[in-house]
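Trainee: what's the 3D shape of this:
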Amino acid sequence: MKNSYSTRELAEMLSVNESTVKRWADSGYIECAKTRGGHRKFPVRSVLKFIHENQMSVPSLSLAEFDKKDEQAHLSAGFVDILVPRLKEAALQGDSHEVLRLMRTGVVSQPDIILLYTQLLFPALVEIGAGWESGELGVDSEHLATQAIKSALFRFQSELYVKEPNGLMAIVTCYEGEIHDIAITCVASYLTSEGWKVYHLGPDIPTEDLVAFIQIRKPDLVAVSADIIENERSFVLDVNNKIVAAAKKVGAITIVGGCDLPVRFKGRLKCDHLSDDISDIKIVHEKIVNEKVPVSK
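Mentor: Sure, this is the predicted structure:
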C-alpha cells in the first residue's frame, strides 16, 4: 500500500471521475495536501478515514501485494483472514509497523472494524496464545507480539473516522488480575469511532477503584473484560454486588466479556449482557443509542 495517492489513482480505485474527487477534496469531504505544483496528494491516512466513514470496500488498494488469483479473490470478497499468518509473523517479530500496514490492508477490504478485529487480530492472537501454552513460544515472544499489536492498534485508531459526539459515555476496563487488554482496547476503538466518550482504564483495575470511577463519571455503559479468573466466587460477588450495583445506580448498562464466560457463568452474573464475542458490543451500542440519543430532525 502506497503512502499517498494522486487524484487519478484515487478516482480509479473509487470508480468515480477525477472531478468528483477534486470536489470532495475542495469541500473537505476527504483530506488532501497539495504539492508545490498545485497537484493534490491524498495520504493513506485520509483515504482510510474516507473508506471507514463511508463503509466502502476498496480491495484494489491492497491486491497488488498478492500474486495468486485465489488470494486476490479472497481479499476482494472481504475475507481478511488471509492476512492472519502475515500479521502473526509480524507480531512475533515485534514489527508494529508491519502489523499496522496489514491492518490498513484489511480495512480497505473490510471497513467494519469489529469484523476486521474478529477476522484478523483475534485469530492471530489465538494462534500466538496456543503457541505459548504448548511451549512452542516463550513468554518473551508472547509479550513482544502483544506489544506490537497494541502499538499498531493505538496508531490505527487515529486513522479511523470518528463520528460526531453522540453524548454517550463508556468506561471500558479489565477485571482485577486480568492483564490482557487487547479485546477491551478493540471495544474502546469501536465505541470511540461511533462517537462515544470513552474512558479506557486498561488492565488489572481493582474493583473498588472501578466502582469509585463509575460513581464519579456516571457513564451510560460499563464494559469489563475478564479471561483470567482465579476465584470464581469472588468474581461473581464483585460483578453483582459492586460493579453492576454501581452501574445501575447511575443508569448504566453493563457488559462483561471473556472466553467462555456465557458457559461458565450463565445465570450467575447479573450484568445486562454476558458475552464471549466482541461483536456483541455493536448490539449493545445500538440498543443504548436507540434508547438515549434523540433522533435528529
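
Trainee: how near is Lys41 to Ala25?
Mentor: Lys41 sits 10 Å away from Ala25, taking Cβ to Cβ, to the nearest Å as the criterion. To be clear about C-beta, it is placed using only N, CA and C from the backbone, and glycine gets the same treatment.

Trainee: If you could redo that for Ser96, that was the one I meant.
Mentor: With distances taken as Cβ to Cβ, Ser96 is found 30 Å from Ala25.

Trainee: Pull the contacting residues for the residue nearest the centre of the chain.
Mentor: Residue closest to the mean C-alpha point of the chain, counted by Cα atoms, centre = their mean, is Cys186 at 3.3 Å. By Cβ atoms under 8 Å, 6 or more residues apart in numbering, the contact set of Cys186 is 113-114, 117, 121, 153, 278.

Trainee: my read: Ser76 touches Ser109, true?
Mentor: Yes - with contacts counted by Cβ atoms under 8 Å, Ser76 reaches Ser109, the gap being 7.1 Å.

Trainee: Compare those two and say which is more crowded by neighbours.
Mentor: More crowded of Ser76 and Ser109, by other Cβ atoms under 10 Å: Ser109, with 24 against 15.

Trainee: Report the contact partners of Asp98.
Mentor: I think there's a mix-up here, since residue 98 is Glu and not Asp. Glu98 touches 86, 90, counting by Cβ under 8 Å, 6+ apart.

Trainee: measure it to Arg36 for me?
Mentor: As defined by Cβ to Cβ, Glu98 lies at a distance of 32 Å from Arg36.

Trainee: For Gly78, give its distance to Trp132.
Mentor: From Gly78 to Trp132 the distance is 30 Å (Cβ to Cβ).

Trainee: likewise Val239?
Mentor: Computed as Cβ to Cβ, the Val239 to Trp132 distance reads 27 Å.

Trainee: Over to Leu116?
Mentor: 24 Å.

Trainee: Compare those two (neighbour count), which wins?
Mentor: Neighbours were counted for Leu116 and for Trp132 using other Cβ under 10 Å; Leu116 has more, 21 against 17.

Trainee: that's a strand at the more buried one, yeah?
Mentor: No - secondary structure of Leu116 (DSSP: H, G, I helix; E, B strand; the rest coil): helix, not part of a strand.

Trainee: Help me confirm that Leu102 comes into contact with Leu83.
Mentor: Yes - counting by Cβ under 8 Å, Leu83 is a contact partner of Leu102 at 5.2 Å.

Trainee: Now the common contact residues for these two.
Mentor: Shared contacts of Leu102 and Leu83 (Cβ under 8 Å, 6+ apart): Leu120.
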